[in-house]
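K.L.:
need coordinates for the following:
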Amino acid sequence: MNAALRTIRVFNRNKTSWLGLVLLLLIVAAALLAPWLATHDPVAQSIANRMKPPSDRFILGTDPFGRDVYSRLLWGARISLLVGISSVLLALVVGGALGIVAGYKGGMVDTAIMRVMDVMLSFPTLIMGLFIVAILGPSMINMIVAIALTIVPKFARVARAPTIALKERAYVEAGRCLGYSDLRIMGVHILPNILGPIIVSETLTIP
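P.N.:
Modelled structure (predicted):
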């Protein structure tokens, strides 16, 4: 309950946040209800109905191939949300883990991980994504993996910086003195304290 109240207070500080939340929920709801809200088959072509203006039959008109734009928007939103959220979550898990390990271990481990991230960052995102898809083959799963791999370095850097500062805190030192494993310290004592910037970066990356 306390977390819910804190969230409400944060939203109340900026009233436009509620508008953004409502719009987001509407988009998600429209995507989830696409099979029931769509009025036409999103891939069905009809040359006789190409480039029609909005009407009672075609709410948002048709495209150059005679496909209903409204139905394509609804079904396209489902794919966009699935790909966007899945790829970012995958990148967050992989990149966040690498960043925490690099920041906590330091030394050669940090150097090796971050040099690999630098190499990945040296490639343009689009070129790297196309290269990965070319290797793995065309499919939605491979596209999600390709997008995730292109943004892994971003999350690795976001997680690494605060980890370097947190590993010197007294409670982390206390954990080491009590004999806690590195895995427990990173997962229980460091991860919860760096979730803020990681979540912010995630929400900005999904769109």
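K.L.:
going forward, measure contacts and count neighbours with C-alpha atoms only.
P.N.:
Fine.
K.L.:
which residues does Arg169 contact?
P.N.:
Residues in contact with Arg169 (Cα atoms under 8 Å, 6 or more residues apart in numbering): none are found.
K.L.:
likewise the one 3 residues further on?
P.N.:
Residues in contact with Val172 (Cα under 8 Å, 6+ apart) are 166, 185, 189-190.
K.L.:
so it, which of the three states?
P.N.:
Three-state assignment for Val172 (DSSP: H, G, I helix; E, B strand; the rest coil): helix.
K.L.:
now it: how far from Ala134?
P.N.:
44 Å (Cα to Cα, to the nearest Å).
K.L.:
before we move on, back to that, could you identify the most distant pair in the contacts of Val172?
P.N.:
Greatest spacing in the contacts of Val172, by Cα to Cα: Leu166 and Ile185 (10.7 Å).
K.L.:
by neighbour count, which of the contacts of Val172 wins?
P.N.:
Neighbour counts for these (other Cα atoms under 10 Å) peak at Ile190, which has 23 neighbours.
K.L.:
so it sits right up against Lys167, yeah?
P.N.:
Yes - using Cα atoms under 8 Å, Ile190 is in contact with Lys167, at 7.4 Å.
K.L.:
how about the nearest residue to Ile47, chain neighbours excluded?
P.N.:
Gly66 (5.3 Å; Cα to Cα, 6 or more residues apart in numbering).
K.L.:
now do the SS call for the one you found.
P.N.:
Of the three states, Gly66 takes coil under three-state DSSP.
K.L.:
so it makes contact with Val43?
P.N.:
No - counting by Cα under 8 Å, Gly66 does not reach Val43; the two are 9.4 Å apart.
K.L.:
if you count what's nearby, which of these two comes out ahead?
P.N.:
Gly66 (18 against 14).
K.L.:
residues contacting that one?
P.N.:
Counting by Cα under 8 Å, 6+ apart, Gly66 has contacts 44-52.
K.L.:
any idea which of these has the most stuff around it?
P.N.:
Per-residue neighbour counts (other Cα under 10 Å) across those peak at Lys52, which has 19 neighbours.
K.L.:
that one: what secondary structure?
P.N.:
Lys52 ends up coil, using three-state DSSP.
K.L.:
counting neighbours, what do you get for Gly61?
P.N.:
Neighbours of Gly61 (other Cα under 10 Å): 19.
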